[in-house]
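S.K.: Below: sequence and its predicted model.
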Amino acid sequence: MTTKLGTHFGRCQGKTAFAKETSEGSWQVQLHDPIHRHAGHDGWLTIGTGWPTLAAACDETGLR
């Protein structure tokens, strides 16, 4: 059985951002900032990972 993992798109720090459930009960937040030196080749920067819920990830990072 495959579990459908969640995603949520929004804004954070004035930039496009999204949260994704990397495994059941573990959320990661990424921010699109292509000029940041730590951003990947696609312009996305991971700003946090490991939150148990989407609400917790949003509260900690300011994702709206």
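M.R.: Perfect, I can see it now.
S.K.: now the strands for the chain?
M.R.: Assigned strands in the chain, in chain order: 7-12, 15-23, 26-32, 44-51 (criterion: DSSP state E).
S.K.: For residue 38, find the nearest of these.
M.R.: With CB to CB, the closest approach to residue 38 among the strands of the chain belongs to strand 44-51: 5.8 Å. Bear in mind the C-beta positions are built from the backbone N, C-alpha and C, glycine included.
S.K.: Can you tell me which helices and strands the closest one packs against?
M.R.: strand 26-32, helix 54-61 (3 or more CB pairs under 8 Å, 6 or more residues apart in numbering; DSSP states H and E).
S.K.: got those as a markdown table, with mean pLDDT, mean neighbour count and distance to residue 41 columns?
M.R.: Formatted as a markdown table, those follow (pLDDT from 0 to 100; neighbours: other CB atoms under 10 Å; distance: least, CB to CB, whole Å):
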| stretch | mean pLDDT | mean neighbour count | distance to residue 41 |
| --- | --- | --- | --- |
| strand 26-32 | 98 | 21 | 13 |
| helix 54-61 | 97 | 16 | 22 |
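S.K.: Of the ones you listed, which is nearest residue 43?
M.R.: Among the helices and strands packed on strand 44-51, strand 26-32 sits nearest to residue 43 (CB to CB), with 5.4 Å.
S.K.: what are the C-alpha coordinates of the closest one, in CSV please?
M.R.: In CSV, the C-alpha atoms belonging to strand 26-32 read as follows (Å, rounded to 0.1, in the frame of the first residue of the first chain):
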residue,chain,number,x,y,z
SER,A,26,8.1,14.3,8.5
TRP,A,27,7.8,17.7,6.7
GLN,A,28,10.5,19.7,4.9
VAL,A,29,10.2,23.4,3.8
GLN,A,30,12.0,24.8,0.8
LEU,A,31,12.3,28.3,-0.4
HIS,A,32,12.9,29.5,-4.0
